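Chemist: here is a sequence with its predicted model. Questions after.
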Amino acid sequence: MQKEQQAFLIEEIWLLTFGGAFQHTGIYKPNTKEKDRTYFRNKLRG
């Protein structure tokens, strides 16, 4: 597997895992801006 393919799969797995885990949990405060949500996701990812 090429590095680009591996990076793609890791990215997809992360997105699906994060989306599945947090989609219906109400993890964000009401009215949280999308830029703040993105910042939070990026910090979690490391």
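Modeler: Perfect, thanks for sending it.

Chemist: what mean pLDDT does the longest helix seen in the chain get?
Modeler: Of all the segments assigned as helix in the chain under DSSP state H, the longest by residue count is helix 3-22. The pLDDT scores in helix 3-22 average 91.

Chemist: buried residues in it?
Modeler: Judged by neighbour count (16 or more other CB atoms under 10 Å), helix 3-22 contains no buried residues. Yep, even glycine has a C-beta here, placed from its N, CA and C like the rest.

Chemist: packing partners for that helix?
Modeler: With contacts defined as 3 or more CB pairs under 8 Å, 6 or more residues apart in numbering; DSSP states H and E, helix 3-22 has these neighbours: helix 34-45.

Chemist: averaged pLDDT, the helix it packs on. What do you get?
Modeler: pLDDT averaged over helix 34-45 equals 90, rounded to a whole number.

Chemist: residues in contact with it?
Modeler: Taking contacts as CB atoms under 8 Å, 6 or more residues apart in numbering, the residues outside helix 34-45 that touch it are 14, 18, 28.

Chemist: re earlier: quick one, the longest helix of the chain and helix 34-45 angle?
Modeler: The directions of helix 3-22 and helix 34-45 differ by 110 degrees, with axes from the mean of the first three to the mean of the last three CA atoms, to 10 degrees as the criterion.
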